[in-house]
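Enquirer: please work out how this folds:
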Amino acid sequence: MLNKVEICGVNTSKLPVLTAQQMRQLFEAMKRGDENARSELIKGNLRLVLSVVQRFANRGEHLDDLFQVGCIGLIKAIDNFDLSQNVKFSTYAVPMIIGEIRRYLRDNNAIRVSRSLRDIAYKALQVRDVLANQYAREPSVAEIAEALKLPQEEVVMALEAIQDPVSLFEPVYHDGGDPIYVMDQVGDDKNQDVNWLESIAIKEAMKRLSERERQIIKMRFFEGKTQMEVAEEIGISQAQVSRLEKAALNHMRKYV
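Expert: Coordinates of the predicted model:
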């Protein structure tokens with residue numbers, strides 16, 4: 001009974017392991033219509049499903065449910081695997097098992113995404129797999145959008161909408177001591193005390209400038225205008241704008 005773990009009534013310690021030669025023979029037999037060979041392929045690759053299911057063990061879902069869903073992905077991979085392609089079956093099957101489990105988790109998620117958006121996302125994932133096999137690399141969003149005849153923005157929005165939410169308290173690293181959680185890795189660079197103090201200091205320094213200097217600094221650094229645009233707007237030369245800007249910045253540095 002040592003190391004025995006049962007999922008859906010399956011004793012995982014007794015799951016068979018098929019060699020590459022056995023896999024090829026079974027696939028060839030299955031292509032000839034041998035249903036027993038198909039069953040043997042499913043049984044012989046349940047360890048793949050088990051290894052994938054373990055990645056989703058902390059999602060709060062029953063492992064039995066995830067295992068069953070993963071088996072659906074495995075069966076799809078077996079039915080669609082092409083022996084003529086020089087690809088290991090596990091390389092082809094694992095992404096399909098993961099995809100099936102992710103679809104299950106998304107469809108059962110408390111955060112609802114519209115059906116049309118989900119359909120676009122699933123089509124994009126399918127096209128991505130096809131293009132990845134075709135190009136032997138990860139396709140770009142532009143290539144996926146072109147294949148779907150959809151705008152890139154729509155494809156990106158659909159893919160982002162079906163991403164699984166992650167808890168801030170989900171551990172990302174554990175070395176035997178205190179775990180590091182997602183919230184420990186999240187930072188807000190915009191609202192730090194240093195930035196807040198700098199903003200106050202800049203406002204105070206600008207109060208010490210002349211009206212024209214303040215106008216130039218505002219147009220240049222807050223509105224993003226060029227020196228030529230500033231010159232045309234306030235009716236002076238670009239050289240004068242450059243000189244006034246430099247003097248204003250030097251003046252402000254004394255107070256920042």
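
Enquirer: ok, now how distant is residue 104 from residue 227?
Expert: 58 Å (C-beta to C-beta, to the nearest Å). Backbone N, C-alpha and C define where each C-beta goes, glycine included.

Enquirer: repeat that for residue 23.
Expert: Taken as C-beta to C-beta, the span from residue 23 to residue 227 is 69 Å.

Enquirer: which helices and strands sit right next to the one helix or strand residue 128 maps to?
Expert: Per DSSP states H and E, residue 128 falls inside helix 115-135. Here helix 115-135 touches helix 89-107, helix 141-148, helix 152-161, going by 3 or more C-beta pairs under 8 Å, 6 or more residues apart in numbering; DSSP states H and E.

Enquirer: so for that helix, mean pLDDT?
Expert: Helix 115-135 carries an average pLDDT of 86.

Enquirer: what stretches of this protein score poorly on pLDDT?
Expert: 1-13, 58-60, 109-114, 164-178, 181-196, 256 (pLDDT under 70).

Enquirer: in it, mark out all the helices, start to finish.
Expert: Remark: helices assigned in the chain by DSSP state H are 20-31, 35-44, 46-53, 63-80, 89-107, 115-135, 141-148, 152-161, 182-185, 193-207, 211-217, 227-234, 238-253.

Enquirer: a markdown table for those helices, including distance to residue 14?
Expert: Shown next, in a markdown table, are the helices of the chain (distance: least, C-beta to C-beta, whole Å):
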| stretch | distance to residue 14 |
| --- | --- |
| helix 20-31 | 17 |
| helix 35-44 | 10 |
| helix 46-53 | 10 |
| helix 63-80 | 15 |
| helix 89-107 | 20 |
| helix 115-135 | 32 |
| helix 141-148 | 42 |
| helix 152-161 | 39 |
| helix 182-185 | 37 |
| helix 193-207 | 60 |
| helix 211-217 | 76 |
| helix 227-234 | 76 |
| helix 238-253 | 75 |
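
Enquirer: where's the residue nearest the centre of the chain relative to residue 121, distance?
Expert: Central residue of the chain (C-alpha atoms, centre = their mean): residue 163, 6.9 Å from the mean position. As judged by C-beta to C-beta, residue 163 and residue 121 stand 9 Å apart.

Enquirer: one more: residue 230?
Expert: In terms of C-beta to C-beta, residue 230 sits 46 Å off from residue 121.

Enquirer: tell me which of the helices and strands packed on helix 115-135 sits most buried.
Expert: helix 89-107 (a mean of 18; mean count of other C-beta atoms under 10 Å).
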